[in-house]
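Colleague: sequence? don't have it. structure:
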Ligand code: SF4
């Protein structure tokens, strides 16, 4: 398998992974119409065929990227409001937990809070949805209610005070068509105005309303990193940005019958392990326990998470599931399920599009298939025998123990000091021992690593990380990190 680091290096020019096309690096290229692709150079007044400057090209592309971000953030917010509305009606497995926050937020928006919690919640949902749908020239009531007075004065003076987020996205997107707005200052002002709409209507509304349903973020302990993955358990990983089905999965996993389901196929139990922003939304609000076990990390760790061989289910809500994931799903027998209407993968046909009213049954359907757990080797076409794997684990554990000592010693050193040469040599020797326990899967090819090492399972990841510099000294070994 290739990691993102391999693919990053492959994109480099002239053998330098960081060297890319200078026009693309400068943002001065455009392929929006059939007269292009064009390249621009501001210093030489070299322009696109249509006459747009490099500044115009760069800012137009920046605004388009702003729209992409605003749109996906707001998609999340829409789903949150749908979930809040359904929760107020008692149609989801969730509850209105933060009633005080609901009243404070509704009150700040000018909504009457003297009625029932259900009535206040529904009024809040109606209020924000009406605001999202205001046209660009109809000033946002949410921004009016929440923004500081001095800011509002400046925004109005500069024509930056936004309308509804949908109207602002329409205005900004239409401006980016070729031969519409080619002036970088105007494009930059549109980006600023869109950002104000997005920050207040999408992000603030989203976080307040998620707090109302799932609780306020509070500091608490949480297990993190690859060490949270244990192959003896069914590991169900919600991934993306939207925590709805992830929370529903935790609620199920906390029930004895779900732990028994996992035990019935030979596992020790089922654990929900959070990832990426979905994980952050979850771990900041809910305490860990045996069912909600921990958090892996951000998207750059995703392939390492898969490479651990521990993942049984990867439930992909909006954002941060990589197009490469089906290759890992095939190799490591992972059930890869899009749980958002937005997410799709090549070759993956199964999907469960999140609907708040069906959250519990959807979480159950996502989590239900424990069939492949422990029933067959996780890695297709593996040539590593059980005996070799056992020896490998023993060697890896020995290295981890030794690394612990080395790291402790290194920590005593002042910043910038290196490990003693003798210690580094010891590590290289250990690396050599480890590599001798592994097999060559194919004849080495030029430019390709001769070895693939997958030693995540029984190592504590920070220790492995510290060990990498020593291992990379070994000439035939490439560490996939
Ligand atoms: S919009 Fe202008 S700069 Fe972009 S491809 Fe067309 S002609 Fe070239």
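Modeller: Perfect, thanks for sending it. Predicted model, so just to flag it, every value in this text is computed and none were measured.
Colleague: need the contact list for the residue nearest to residue 263 when sequence neighbours are not counted.
Modeller: Of all residues not flanking residue 263 in the chain, residue 269 sits nearest, at 6.4 Å (C-beta to C-beta, 6 or more residues apart in numbering). From N, CA and C alone the C-beta is placed, and that goes for glycine too. Contact partners of residue 269, counting by C-beta atoms under 8 Å, 6 or more residues apart in numbering, are 233-234, 259, 262-263, 290-291.
Colleague: Mind doing that once more with 6 Å?
Modeller: Applying C-beta atoms under 6 Å, 6 or more residues apart in numbering, we find residue 269 in contact with 233, 259, 262.
Colleague: So which of these are in helices?
Modeller: Residues of these located in helices (DSSP state H): 259, 262.
Colleague: which one of the contacts of residue 269 is nearest the ligand?
Modeller: Nearest to the ligand out of the contacts of residue 269 is residue 233 (C-beta to the nearest ligand atom; 52.4 Å).
Colleague: my guess is that closest one meets residue 271, correct?
Modeller: Yes. Here residue 233 lies in contact with residue 271, judged by C-beta atoms under 6 Å, at a distance of 4.8 Å.
Colleague: The two - which one has more neighbours?
Modeller: More crowded of residue 233 and residue 271, by other C-beta atoms under 10 Å: residue 271, with 27 against 22.
Colleague: The stretch 151-300 of the chain: strands as residue ranges?
Modeller: 234-239, 270-274, 292-295 (DSSP state E, counting those that start in this stretch).
Colleague: For the ligand, find the nearest of the ones you listed.
Modeller: Closest to the ligand of the strands of the stretch 151-300 of the chain is strand 234-239 (C-beta to the nearest ligand atom; 35.7 Å).
Colleague: Sheet partners, orientation included, of that closest one?
Modeller: If you go by DSSP bridges, strand 234-239 pairs up with strand 270-274 (parallel), strand 313-316 (parallel).
Colleague: helix or strand right after the last one?
Modeller: Going down the chain from strand 313-316, the next helix or strand is helix 325-332, by DSSP states H and E.
Colleague: which is the next helix or strand following that next one?
Modeller: strand 335-338.
Colleague: So for that following strand, what gets flagged as buried?
Modeller: Going by neighbour count (16 or more other C-beta atoms under 10 Å), the buried part of strand 335-338 is 335-338.
Colleague: what about that strand, distance to the chain center?
Modeller: Here strand 335-338 is found 15 Å from its chain centre; the criterion is C-alpha atoms, centre = their mean, to the nearest Å.
Colleague: got the contact list for the closest residue to the ligand within the stretch 51-200 of the chain?
Modeller: In the stretch 51-200 of the chain, no residue comes nearer to the ligand than residue 178, which is 3.8 Å away by C-beta to the nearest ligand atom. Applying C-beta under 6 Å, 6+ apart to residue 178 gives the contacts 32-33.
Colleague: what's the answer for the one 4 residues further on, then?
Modeller: Counting by C-beta under 6 Å, 6+ apart, residue 182 touches 52, 56.
Colleague: now do 10 Å
Modeller: Under the criterion of C-beta atoms under 10 Å, 6 or more residues apart in numbering, the neighbours of residue 182 are 47-48, 50-53, 55-57, 59-60, 175-176.
Colleague: most neighbours, which of those residues?
Modeller: The most crowded member of the contacts of residue 182, judged by other C-beta under 10 Å, is residue 57 (28 neighbours).
Colleague: Skipping adjacent residues, who's closest to that one in space?
Modeller: Nearest one to residue 57, counting by C-beta to C-beta, 6+ apart, is residue 30 at 4.7 Å.
Colleague: The buried residues of strand 335-338: which two are farthest apart?
Modeller: 335 and 338 (11.4 Å; C-beta to C-beta).
Colleague: any common contacting residues for those two?
Modeller: Overlap of the contact sets of residue 335 and residue 338 (by C-beta under 10 Å, 6+ apart) consists of 314-315, 348, 350.
Colleague: Are any of these buried, and if so which?
Modeller: Of the members of the shared contacts of residue 335 and residue 338, the ones counted as buried by neighbours, 16+ other C-beta under 10 Å, are 314-315, 348.
Colleague: Looking at those residues, spot the one nearest residue 211.
Modeller: The shortest gap between residue 211 and any of those belongs to residue 315, at 22.6 Å (C-beta to C-beta).
Colleague: For that closest one, name its beta-bridge partners.
Modeller: Under DSSP bridges, the beta-bridge partners of residue 315 are residue 238, residue 337.
Colleague: OK, contacts around it?
Modeller: Counted by C-beta under 10 Å, 6+ apart, residue 315 has contacts 236-240, 245-246, 249, 272, 275, 278, 321, 335-340, 343, 352, 354, 362-363, 366-367.
Colleague: quick one: low-confidence parts of the stretch 1-150 of the chain?
Modeller: Counting by pLDDT under 70, the stretch 1-150 of the chain contains no low-confidence segment.
Colleague: redo that, cut-off 90
Modeller: Applying pLDDT under 90 to the stretch 1-150 of the chain picks out residues 1-2.
Colleague: sorry, back to before: can you add mean pLDDT and distance to residue 223 and give the strands of the stretch 151-300 of the chain back as a markdown table?
Modeller: Output for these, formatted as a markdown table (pLDDT from 0 to 100; distance: least, C-beta to C-beta, whole Å):
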| stretch | mean pLDDT | distance to residue 223 |
| --- | --- | --- |
| strand 234-239 | 96 | 13 |
| strand 270-274 | 96 | 9 |
| strand 292-295 | 96 | 3 |
